[in-house]
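1. Fold the following.
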Amino acid sequence: MPLSAFQLELIDDLLQLALKEDVNNGDHTSLACIPTDIVQKAKLLVKSDGIISGIEIAKLVIQKVDSSLQMEQIMQDGESIKFGDIAFYITGNPISILTSERLVLNIMQRMSGIATFTNSLVKKISHTNAKILDTRKTGPGMRVLEKMAVVNGGATNHRMGLYDMIMIKDNHIDFAGGIENAIDKVHAYLFDKQLNLKIEIEARTLKDVESIVNKGGVNRIMLDNFSPLQIMEALKMINGKYETEASGGINEFNLVEYAETGVNFISIGALTHQVKSLDLSLKAC
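-> Residues are numbered from 1 along each chain as shown. Below is the predicted model of the structure:
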């Protein structure tokens, strides 16, 4: 997943804050116990089967802690892993290794958990053309990392934030005075601000779908809290004119039924907000 300068800046800010939170004025246990002039080696040990994610971020962490630390990378983000695998080795001052340990693990365990869960869902619907999307339901400050993990798991990122796509949802429609008014206002705003952003709009009912199709001027229609049968009816009305997205209440148990409707995208908030971290460990060699 290529990162923009803005996203790299967000990651750097996050790592600085996380290290300040954890280390503050020093890892006093390591400083007290370990000589400062020795070199040691540690390994990132996999203790659960799944998909690895976060190695590229781990590189940034160890470089921020101590630029003299060296990583020998064995695996790549997005690879399948099994118990006992080694993702990478770190060589250098052991105080620096231990100072970076918890942040590396916290990030990689969560990212790998997201990638693993995402991949399990992607496999469930591999016989369809539907693509799984993430949402903005991410940990504050962790969005770029969590969306990287989604891609490592084989799914697709939705918008990164409020700034890179127009998403006309139910409250926007209600406050704007209806679907037609909301679409018109969006187009006027984009013209005035000289912005080129894709437009997605939420439909709550089949009547909404009819109104959106008649009005036009959007790129994608989100079918929110529709049943699979309702989605199939909506798809007939849309007739391929716009991209379609199913959203709301979709999980690992009903995902296949939704994917088999023929909808283009399925957004699942649980990819990032209901994830069990993968078990990883950093151990001295």
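2. what about the strands in this protein?
-> 40-46, 50-51, 70-73, 80-81, 86-92, 131-133, 166-168, 199-203, 220-224, 243-247, 265-267, 280-284 (DSSP state E).
3. Using TSV, lay out these together with mean neighbour count.
-> (C-beta placed from N, C-alpha, C; glycine too.) Output for those, formatted as TSV (neighbours: other C-beta atoms under 10 Å):
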stretch	mean neighbour count
strand 40-46	19
strand 50-51	23
strand 70-73	14
strand 80-81	17
strand 86-92	19
strand 131-133	21
strand 166-168	20
strand 199-203	23
strand 220-224	22
strand 243-247	22
strand 265-267	22
strand 280-284	15
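4. Throw the ones you listed into TSV and include distance to Lys59 and mean pLDDT, thanks.
-> Converted to TSV, the strands of the chain look like this (distance: least, C-beta to C-beta, whole Å; pLDDT from 0 to 100):
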stretch	distance to Lys59	mean pLDDT
strand 40-46	11	98
strand 50-51	18	98
strand 70-73	6	98
strand 80-81	17	98
strand 86-92	9	98
strand 131-133	27	98
strand 166-168	33	98
strand 199-203	35	98
strand 220-224	35	98
strand 243-247	34	98
strand 265-267	30	98
strand 280-284	14	97
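5. could you redo those strands as TSV and give each row distance to Leu8?
-> Output for the strands of the chain, formatted as TSV (distance: least, C-beta to C-beta, whole Å):
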stretch	distance to Leu8
strand 40-46	23
strand 50-51	23
strand 70-73	19
strand 80-81	26
strand 86-92	21
strand 131-133	23
strand 166-168	24
strand 199-203	26
strand 220-224	28
strand 243-247	28
strand 265-267	26
strand 280-284	24
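6. Of all those strands, which one is nearest Gln7?
-> strand 131-133 (17.9 Å; C-beta to C-beta).
7. returning to that earlier point: quick one: which of the strands of the chain is nearest Ala234?
-> For those, the distance to Ala234 is smallest for strand 220-224, at 5.4 Å, taking C-beta to C-beta.
8. relative to strand 199-203, how tilted is the closest one?
-> Interaxial angle, strand 220-224 versus strand 199-203 (axes from the mean of the first three to the mean of the last three C-alpha atoms, to 10 degrees): 30 degrees.
9. which helix is the longest one in this structure?
-> Determined from DSSP state H, the single longest helix within the chain is helix 94-124.
10. what's the angle between it and strand 86-92?
-> 160 degrees.
11. in helix 94-124, what's buried?
-> For helix 94-124, burial by neighbour count (16 or more other C-beta atoms under 10 Å) applies to 94-119, 121-122.
12. Distance of Gly178 relative to Lys241?
-> Computed with C-beta to C-beta, to the nearest Å, the distance linking Gly178 and Lys241 is 20 Å.
13. Please apply the same query to Ile62.
-> 50 Å.
14. In terms of neighbours, single out the busier of the two.
-> When Ile62 and Lys241 are compared for neighbours, Ile62 comes out ahead with 23 against 12, by other C-beta atoms under 10 Å.
15. ok, the more buried one touching Ser68?
-> No - counting by C-beta atoms under 8 Å, Ile62 stays clear of Ser68, with 9.7 Å between them.
16. Which neighbours do these two have in common?
-> Listed as contacting both Ile62 and Ser68 by C-beta atoms under 8 Å, 6 or more residues apart in numbering are Ser96.
17. Check the offset of stretch 54-62 from the chain's centre.
-> In terms of C-alpha atoms, centre = their mean, to the nearest Å, the centre of stretch 54-62 is set 16 Å apart from its chain centre.
18. Output it as CSV, restricted to C-alpha atoms.
-> Output in CSV follows, covering the C-alpha atoms of stretch 54-62 (Å, rounded to 0.1, in the frame of the first residue of the first chain):
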residue,chain,number,x,y,z
GLY,A,54,3.2,-4.5,10.4
ILE,A,55,6.8,-5.5,9.6
GLU,A,56,7.3,-2.2,7.6
ILE,A,57,6.0,-0.3,10.6
ALA,A,58,8.3,-2.3,12.9
LYS,A,59,11.2,-1.1,10.8
LEU,A,60,10.2,2.5,11.5
VAL,A,61,9.9,1.9,15.2
ILE,A,62,13.4,0.4,15.6
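19. what is the rounded mean pLDDT of it?
-> Averaging pLDDT along stretch 54-62 gives 98.
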